[in-house]
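>>> Model the following, please.
(2 chains)
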Amino acid sequence: MNEKGPSIELIDVHKSYREGDRTHEVLTGTSATIEAGERVAILGPSGSGKSTLLNLVSGIDLPDSGTVRVGGTDIGTLAERDRTLFRRERVGFVFQFFNLMPTLTVLENLLLPLELTGSADGEARARELLDAVGLGDRAGAFPDRLSGGEQQRVAIARALIHGPDLLLADEPTGNLDEDTSEIVVRLLDELVREAGTTLIVVTHSRELASRMDRVLRVDHGKLVEAGEAMAGAGPRAGA
Amino acid sequence: MRLLSRASLRYLTQHRLQLVLSVLGVALGVAVVLSIDVAIQSAQAGFRISAETVSGRATHAVVSDIGLIDESLVARLRIEEDVAAAAPVVEGYGRSPLIPGRALRILGVDPFSEGPFRPYVAGGESGLDVSAIIASRVGVVLSAPVAEGAGLAPGDSLPMLVEGEAWSLPVVGLVDPSDDLTRSGLSDVVLMDIAGAQEVLRIPGLLSRIDLRIDEEEEAGGLLERIEAALPEGVTVDAVGTRSQTMSGMIAAFDVNLTALSLLALIFGMFLIYNAVTFSVVQRRGILGRLRALGVTRDEVVRMILAEAAWIGAAGAALGVGVGLVLARGLVGMVARTINDLYFSVSVQEVTVAPALVAKAALLGLGATLVAALPPALEAAGANPRLAALRSVVESRARRLVPLAAAAGAGLCAIGALILLAPTRSLLVSFTALFFIITGMAVITPGGTLVLMSMLRPLLRGLGGTLGVMAGRGVGSSLSRTAPAIAALVVAVSVTVGLGVMIQSFRGTLVQWLDGTLRADVYVSLPGPTASRASGTLWPDVIDAFVAHPEVSGSSTYRGFDLIRDGDAFRLVALDLDPRGESAFDFLSGDRDEIMTRFRTGEAVIVSEPYAYRRGLAVGDRVALTGVDGEVEIPIAGVFYDYGSEQGTVMMGRALYDRIFDDPGVTSLGLFLEEGADSEVVVEELLALVPEGRAVIARSNDTLRETSLEVFDRTFQVTAVLRLLAFIVAFVGVLSALAALQLEKARELGLLRAQGLTPGQLWRLVVTQTGLIGLASGLLAIPMGLVLSVVMIFVVNKRSFGWTLNMQVGPDILVQAVGLAVVGALLAGLYPAWRMSRASPALALRGE
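Now for the predicted structure:
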């Protein structure tokens, strides 16, 4: 494994949201460590706080209390702008709903992160990545002309094009059929492994989880090793 | 940010309807501002060029407060004070049937004195034959534009009506200056020898002014002081241009008001832009969230949205400049006519487009667009990328903000009201207050909409069943999108209500005032250069003949002229009133009988409300005038309501006037008829008494009343045009906001279609919803429009013109406003309904 990605530390992280008059506690003092270059899957039922974890790691959101450290940097101490720049330079995102820019072509969608980071002349790299995800011939198409699977492959290419050392994927196969999921998972696995990127993938897919170095699970607001959670949860182990 | 710009430009071009209507919103705002500016400037330039051309190279002018000077003064100045360059000038106005609709300026000069002053008279370049002017008693020299307009050449005669007398003036020459400015300045000038001008203007031995040319050396040598010391009472020496500046200043309030109204058009254009940009931001919340997640900073989001707005602003400004210049051509005639009707004679030959005005309008358009786009841009950037995409979060936040917004709106209105209460006459302050109130009320509208929708719910259920309820609920449940649209529409529609009510109230007040003021049965005056006020002097023999008519039981005489004293212009009127005419005055305070007794005995004068207001005077204060025996100060006995002159009027009894001034003239005559006499018949009989070659205007009470209202309607034409433009902008606003709103719902509607909604039901749903939004906007615009009109009537008008108007609200204006909003809204629903009912539900449902 080519280990260039950052390590991630979560220390006693709390996070809650207001829903009308009620406060919903999502994370209740969770701690975890992810090693540099490690590929980790996070499982858990809907609403358990998986996506919240990704938002906290990427600096999109801040914890109510506790520390989130990425590559030694305490995300909570960064100003909003610095968090954005951190995300821009070091994080790649893959979303469940692909989230491509509808008004940019496939190639332009790939070039956008490069342009944001100020890397000039990335077109060769973009085309190379498009070839790698099997969409070399769709560079000029707009996203709405692609199938779901194709869009997700573009999204993966986009997430990796600027060489982030941390890739966050939020249910990347959640919207895809089995065969397409397989292709996407394989791609994600290969490309990340090759780049040595730290990967956190939130998923419901056991197939995807099984390909990761480690599987964590959100259980009652805390991150636990999947095995522990399954052992403790008894009848829910198979969920 | 090349790719980001590309993405946003593609967004704009993919939403063409939104784009076109946004550009149109800015364009109309810019066009209104530019056209009003150009029209006013053209009129002022026409006046200035004409004044400058007529003054020539004079540096000073000897003028009299009451307008006329004894001609012997020229010789005294030349001989006793050793003034080398002094030229007597007689000026007046007349009309020619060959050049209808325009007053011609008669300029009487002494060709032998003209050398240092007016090169086009002194000969040389123009080749004017001076001897021909002098040889012919009333010969005229026409400027080339006048000759062309009348189709005359030397040797022909110019038929002219001057001071009520018909003349056939032989054309003895033409002046055709080579430079455009002089040509333009002479475009309404008829040049005569001074004696001829005195004859046709019926002012023998009198001059309008004496032009002087005093060089620096002479001035340093105290020549000006010596001249001043030699002048009789009431006559002064002014630097050239002082008078024309004072006259130009007369239209300041008119100018400021039109400009302010045009800015109002831009302000509600801003609301439309605000709506369009907010909508585009709300529509792209998800996309903006993604960008933020990808690492696009807040600054970059703000820049992207503002860059889009700048494109819209630039395109709108460019289009607006084009439309504005076309519009200006139409408006300049109206503005010039209003100035002619109300203030002074001006001839506007061409539309003057100063590049600065174009730049100002374009920058205002661009600036207004950027300012309007700033709040949504900041909002877009401030949104948490995690929450940005969640529609439910956006909507619940929008609903939570409603009470806060209402409170903030009330606060803004209160600030506006407090500003209005400030003891100032500044129009800028008034319009700032108005802006606060408009914004405040706009911010309250979402709350108003929710209340209205909940009130309408039972009705909607009864009429439309579940679809009806859905339509109503859709308005409230997508408040983040509907609220800015409704606010923008309410502002636009309310401006049309506000302007409409103001014009209606003004007209209504004028009608009441005319009913009270016009007491005589027949009014007689000379045909004059301006429509709204009589000028010139009636012949004593004609007055005697009229008063002696068997059906005439009494008469009032009126002597009135514009007086300029120490840079202050107002109208001075001397009245010899029939007792029946005394009840014509309605005073702000005090007992009418007491006031009129003091007026009649010559103990005091009465002044009009604008006169007192503008000068901060009240009963007991004094008015200073310079008569033949020097300055006199007369106390004010009463302040009367008057809508005839915004400069203000000072009225005195004839006896007092005769004591102060040496002027036996009568400008107009009011005749009271015997009981049962037919005034139209008497008018015919009176006119038959007028000797051949003379013309008077004799009008019955009803005719004069109608004519006055015609003048009023003409003077409000510009405002009416502005109101119409406001109407169009509002209509475009309704159309753009609502069409965009519905188009954005394609997915939701596709879902409904997929679930079995027929195309017909979809039509009904869409059109009911836009209709409801229109209805809500129209209804909410009424109170807001009324508040606007209250401010315009009681504050802006009072501060601009000094008169008190009675507010009058006709149902037609309110019905029009609601109709505008509802019809616009229904039309706005048609295109989306048509598009969505034709689209396959599958396509509509397909996400990205």
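>>> Disregarding residues adjacent in the polypeptide, which is nearest to the residue in chain A that chain B sits nearest to?
Residue nearest to chain B within chain A: A:R88 (2.4 Å; Cβ to the nearest Cβ). Glycine gets a C-beta too; all of them are placed from N, C-alpha and C. Closest residue to A:R88 apart from its sequence neighbours, by Cβ to Cβ, 6 or more residues apart in numbering or on different chains: B:G295 at 2.4 Å.
>>> got it, and B:M651?
Nearest non-adjacent residue to B:M651, counting by Cβ to Cβ, 6+ apart: B:V573, 4.5 Å away.
>>> Now for that neighbour, how many residues are close by?
23 (other Cβ atoms under 10 Å in any protein chain shown).
>>> quick one: pLDDT of the closest residue to B:L427 other than its chain neighbours?
Nearest non-adjacent residue to B:L427, counting by Cβ to Cβ, 6+ apart: B:V256, 5.1 Å away. pLDDT recorded at B:V256 is 73.
>>> List phi and psi for B:V256.
As for B:V256, its main-chain torsions (degrees, to the nearest 10) stand at phi -60, psi -40.
>>> For the chain, which helix extends over the most residues?
Assuming you mean chain A. For chain A, the longest helix by residue count, based on DSSP state H, is helix A:178-195.
>>> Not quite, go with chain B.
Max-length helix for chain B by DSSP H is helix B:427-477.
>>> pLDDT on stretch B:379-393, on average?
Taken as a whole, stretch B:379-393 has an average pLDDT of 65.
>>> One more: stretch B:65-80?
87.
>>> same deal with stretch B:670-684?
When pLDDT is averaged along stretch B:670-684, the result is 91.
>>> Any buried residues in it, and which?
The neighbour-count check on stretch B:670-684 (16 or more other Cβ atoms under 10 Å in any protein chain shown) flags B:670-673, B:677, B:679, B:682-683 as buried.
>>> Which of the helices or strands spans A:V218?
Assigned by DSSP states H and E, A:V218 falls within strand A:214-219.
>>> give the contact list for the residue nearest to A:R88.
A:84-89, A:91, A:113, A:116-117 (Cβ atoms under 8 Å, 6 or more residues apart in numbering or on different chains).
>>> Which ones among those residues lie within strands?
A:V91 (DSSP state E).
>>> Can you lay out the contacts of B:G295 as CSV showing pLDDT?
Listed next are the contacts of B:G295 as CSV, based on pLDDT from 0 to 100:
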residue, pLDDT
A:T84, 84
A:L85, 85
A:F86, 88
A:R87, 85
A:R88, 84
A:E89, 87
A:V91, 89
A:P113, 85
A:L116, 80
A:T117, 81
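>>> Write the ChimeraX selection for whichever of the contacts of B:G295 are buried.
Here is the ChimeraX command that selects only those of the contacts of B:G295 that count as buried (16+ other Cβ under 10 Å):
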select /A:84,85,86,87,88,89,91,113,116,117
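>>> so how far does stretch B:143-158 reach from one end to the other?
Using Cα to Cα, to the nearest Å, the end-to-end distance of stretch B:143-158 comes to 12 Å.
>>> Average pLDDT for it, rounded please.
86.
>>> And that stretch, how far out from the chain middle?
34 Å (Cα atoms, centre = their mean, to the nearest Å).
>>> again with stretch A:139-150
21 Å.
>>> contacting residues around that stretch?
A:98, A:100-107, A:109, A:126-127, A:130, A:135, A:138, A:151, A:154, A:175-177, A:180, A:183-184, B:846, B:848.
>>> One more pass at 6 Å, please.
Stretch A:139-150 is contacted from outside by A:100, A:102, A:105-107, A:130, A:151, A:175-176, A:180, B:848, using Cβ atoms under 6 Å, 6 or more residues apart in numbering or on different chains.
>>> now stretch B:623-632
For stretch B:623-632, the external contacting residues (Cβ under 6 Å, 6+ apart) are B:65, B:233-234, B:605, B:633-634, B:650, B:660-662.
>>> again with stretch B:679-698
Counting by Cβ under 6 Å, 6+ apart, residues outside stretch B:679-698 touching it are B:161, B:164-166, B:521-522, B:524-525, B:527, B:545-546, B:551, B:673, B:700.
>>> hang on, the earlier thing: ok, and for whichever helix or strand comes after the strand holding A:V218, which residues are buried?
The C-terminal neighbour of strand A:214-219 among helices and strands, as given by DSSP H and E, is strand A:222-225. Using 16+ other Cβ under 10 Å as the test for burial, strand A:222-225 gives A:222-224.
>>> Contact partners for residue 169?
Assuming you mean chain A. A:94, A:201.
>>> nope, chain B please
B:138, B:140, B:158, B:160.
>>> now swap in B:F712 and tell me
B:L510.
>>> repeat that for 7 Å
B:507, B:510 (Cβ atoms under 7 Å, 6 or more residues apart in numbering or on different chains).
>>> tell me which element it is part of?
For B:F712, the element it lies in under DSSP H and E is helix B:701-715.
>>> same check, this time on B:V501
Per DSSP H and E, B:V501 falls inside helix B:479-517.
>>> and the residue positioned nearest the centre of chain A, what helix or strand is that in?
Central residue of chain A (Cα atoms, centre = their mean): A:L168, 1.5 Å from the mean position. According to DSSP H and E, A:L168 maps onto strand A:166-170.
>>> Next, the angle helix A:178-195 makes with that strand.
In terms of direction (axes from the mean of the first three to the mean of the last three Cα atoms, to 10 degrees), strand A:166-170 departs from helix A:178-195 by 170 degrees.
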